[in-house]
Structure formats: structure tokens, C-alpha cells
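> Compute the structure for the input listed below.
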Amino acid sequence: MTRKQRRLALIAAAGAVLCFAAGLVLFAMRDTIVFFYGPTEIVEKGVAPGTRMRLGGLVETGSVQRGPGQRVSFAITDGKTAMKVGYDGLLPDLFREGQGVVTEGVFEGAGRFKADSVLAKHDETYMPREVADTLKKQGHWQPGGAGAPAAPAAKP
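You can find the predicted model right below:
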């Protein structure tokens with residue numbers, strides 16, 4: 001075997017090992033690559049308390065309750081299931097009932113979620129694609145109404 005053939009064999013073996021390692025990583029992360037979960041998905045999957053994740057959906061009308069200081073509790077729904085969220089901090093200016101949000105934090109079990117951060121949509125016509133897709137799956141989507149994704153701007 002020549003020097004060039006040995007080098008080529010070594011490079012091929014290293015490439016195969018790297019591909020195998022990447023495959024293992026992707027397989028291990030298959031459930032955590034999701035941008036967020038809806039309340040129904042969390043209940044159906046039987047997520048263990050203490051699991052860190054993102055929860056997304058619509059802020060349920062009439063569920064926002066302000067506590068002492070910056071403490072706020074509200075419910076996020078996807079049309080089927082609602083989940084109570086506790087948050088201690090400043091909410092985004094555009095946060096309000098009936099609007100799409102994505103929260104990041106820890107699932108506490110028994111339908112409770114402790115959020116570290118709350119992200120709200122930025123105007124009346126935009127909704128994150130993941131939130132819109134979840135609402136479509138749940139049959140809660142209203143095309144053309146509030147919460148519909150923004151249409152692309154027409155080119156002159």
C-alpha cells in the first residue's frame with residue numbers, strides 16, 4: 001500500500017467516524033430539536049416534571065392575572081388544552097390576551113409551566129410559522145383574520 005493510499009484510507013475512516021457521531025447526536029436530539037411544544041403535545045407525550053422546553057400558543061382570554069411586583073400568571077392554549085404559566089419579570093409590550101406567544105422555561109407538572117422568558121409576536125399580522133402550524137393542526141386557525149401570517153410584500 002502506497003503512502004497516498006494509506007492517507008486516503010485514513011481520511012475515509014475519519015469521515016466515516018464523524019458521520020456516525022453526527023448521526024448519533026441527531027438521533028439523541030430528535031425530540032428536542034422542535035422550536036416549541038403546544039399544551040396538547042405536552043399532555044399527550046407525558047413530559048416529565050422538571051423538563052426544560054418551550055411552550056407556545058395563544059394567551060387565553062381572561063386568564064392574565066398580575067401579582068405582587070412583576071409576577072404574572074396566564075394560560076396558554078392551542079384550542080384543545082390550556083396550560084397555566086407563571087412568569088416573574090417584565091412582559092413584552094405587545095403581550096396581550098388572544099395573541100400568540102412562545103415561552104421558555106420548565107414544565108412543573110400538573111398543567112403548570114414556570115417561564116424564564118416570554119416572546120410575543122411583533123404586530124397584528126405576523127405569527128411565528130410554528131404557532132400557525134400548531135393552530136392549523138388543532139383546527140383553531142382563522143385564515144385572513146387576526147393571527148394570520150403576514151402576506152409577502154408585492155414587488156412593483
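
> Report the buried residues of stretch 99-116.
Q99, G100, V101, V102, T103, E104, G105, F107, F113, A115 (16 or more other Cβ atoms under 10 Å). C-beta here means a position set from N, CA and C on the backbone, and glycine is covered the same way.

> Just to be sure, which of these are found in strands?
Counting by DSSP state E, the buried residues of stretch 99-116 place G100, V101, V102, T103, E104, G105, F107, F113, A115 in strands.

> Just send those residues back as a markdown table, with pLDDT and distance to E60 too.
A markdown table is the format used below for those (pLDDT from 0 to 100; distance: Cβ to Cβ, whole Å):
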| residue | pLDDT | distance to E60 |
| --- | --- | --- |
| G100 | 87 | 12 |
| V101 | 90 | 11 |
| V102 | 90 | 15 |
| T103 | 92 | 13 |
| E104 | 91 | 19 |
| G105 | 92 | 17 |
| F107 | 91 | 18 |
| F113 | 93 | 13 |
| A115 | 93 | 15 |
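
> ok, now which ones touch V131?
F36, G56, G57, L58, G100, V102, K121 (Cβ atoms under 8 Å, 6 or more residues apart in numbering).
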